[in-house]
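A.B. asks: Sequence and predicted structure are below.
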Amino acid sequence: MRIEPFTLTGRHVRLEPLAVAHVPALVAAAQADSTTYGFTSVPHDVAAMTAYVEGLLADAARDAVVPFAQVRAGDGVPVGCTRFMNLVWWPARLTPAEAEVGGTWLAAAAQRTPINTEAKLLLLRHAFEVWQVGRVAICTDARNERSRIAIERIGATFEGVLRSHRPATGHLSTAHTLRDSAMYSIIAEEWPRVRDLLQARLTQ
């Protein structure tokens, strides 16, 4: 493992290294209201959530992802997950050269709060200012208009749609089908503008 687990802390959310100990609270968060998970795979029982977490930890051990539990700062309750994924490693670099932010879900009560905005700010700041990546990708199911609007609101640039890109997930998707992915990105030169936008949104 080239990336040791780390915590990112803000005023509204704390991104903790994902652990099996988070499973019970994450199950409670997922079960609260699943109607918004139309295009997102969110386990709803202990066995499925445990397998989900253990799978991400196995991916982390081979430097493919850096997974986090999203913990509400006000009361310390885990309310969802997010991660760095599809890390790109270049020779002679000790940190990733490129990353994708994704695998994000939040409990219904944590949606439309500052948590998601601040989590994105924390992740992007780490990617651009600590790892010094050249590019961060963000993608979503092309059918997911709500997610696409949210991605555009943080200042990401639309790059196009990749057809049959990944397995479709969520209760609005059928088994064994592929989704088209709407692809967005932020590059290093754009980071100061995106950072200022996210910080301004947090003060509104």
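C.D. replies: Nice, thanks for sending it over.
A.B. asks: and stretch 69-79, how far apart are its ends?
C.D. replies: End-to-end span of stretch 69-79 (CA to CA, to the nearest Å): 8 Å.
A.B. asks: Repeat that for stretch 86-103.
C.D. replies: 11 Å.
A.B. asks: now do stretch 140-159
C.D. replies: Start-to-end, stretch 140-159 (CA to CA) is 12 Å.
A.B. asks: Measure how far that stretch is from the centre of its chain, please.
C.D. replies: Taking CA atoms, centre = their mean, to the nearest Å, one finds stretch 140-159 lying 13 Å from the centre of the chain it belongs to.
A.B. asks: Can you give the contact residues for that stretch?
C.D. replies: By CB atoms under 8 Å, 6 or more residues apart in numbering, the surrounding residues in contact with stretch 140-159 are 38-39, 116-117, 120, 138, 161, 168-170, 172-173, 179-187, 190, 193-194, 197-198, 201. Where C-beta positions appear, they are placed from N, C-alpha and C, glycine not excepted.
A.B. asks: go with 6 Å
C.D. replies: For stretch 140-159, the surrounding residues in contact (CB atoms under 6 Å, 6 or more residues apart in numbering) are 39, 120, 138, 161, 179-180, 182-186, 194, 197.
A.B. asks: go on, stretch 40-51?
C.D. replies: 23, 26-27, 30-31, 52, 105, 169-170.
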